[in-house]
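J.: no sequence on this one, just coordinates:
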């Protein structure tokens with residue numbers, strides 16, 4: 001009897017998780033699956049082997065320190081070093097750490113060296129540019145307020 005109840009509870013839990021995922025769009029799902037939801041978590045990731053290693057040491061430090069976390073997700077970040085040093089695929093992997101991979105196609109100076117770079121930058125689907133939930137060359141000045149700043153990205157979570 002207990003085994004049957006435990007089995008039913010497990011199935012209900014899986015069904016609830018599936019319903020929660022079905023109610024989320026790609027950006028919400030990206031945030032939910034992002035391993036870094038706080039500065040401390042991102043800093044810990046930076047201390048071990050991660051996609052951030054594709055950046056030079058100084059660029060890695062600047063990027064990590066630039067990410068603004070809010071109660072709703074990432075409020076903004078500096079993308080200058082990402083465009084200067086990386087391919088679209090490398091940028092996508094880094095931004096996936098903070099649930100912002102959908103921004104990648106808007107970073108027009110990203111290097112294109114592979115098929116995955118082309119798909120990320122020019123493909124159709126949830127990563128197609130123009131979703132309008134972030135502003136390039138703006139930063140999250142304070143909650144709900146983006147201000148002009150070169151090489152920064154301010155998101156709708158600001």
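T.: Ah, there it is. All values derive from a computational prediction rather than experimental measurement. Residues are numbered from 1 along each chain as shown.

J.: other SSEs contacting the strand or helix carrying residue 65?
T.: For residue 65, the host element (DSSP states H and E) is helix 57-66. On a contact count with 3 or more C-beta pairs under 8 Å, 6 or more residues apart in numbering; DSSP states H and E, helix 57-66 meets helix 39-47, strand 73-78, helix 80-85. Just so you know, the C-beta spots here come from the backbone N, C-alpha and C atoms, and that holds for glycine as well.

J.: kindly recompute the last result at 6 Å.
T.: helix 80-85 (3 or more C-beta pairs under 6 Å, 6 or more residues apart in numbering; DSSP states H and E).

J.: give me the buried positions along the helix it packs on.
T.: For helix 80-85, burial by neighbour count (16 or more other C-beta atoms under 10 Å) applies to 80-82, 85.

J.: contact partners for residue 90?
T.: Neighbour list for residue 90: residue 54 [criterion: C-beta atoms under 6 Å, 6 or more residues apart in numbering].

J.: now with 7 Å, please.
T.: Contacts for residue 90 (C-beta atoms under 7 Å, 6 or more residues apart in numbering) come out as 51, 54.
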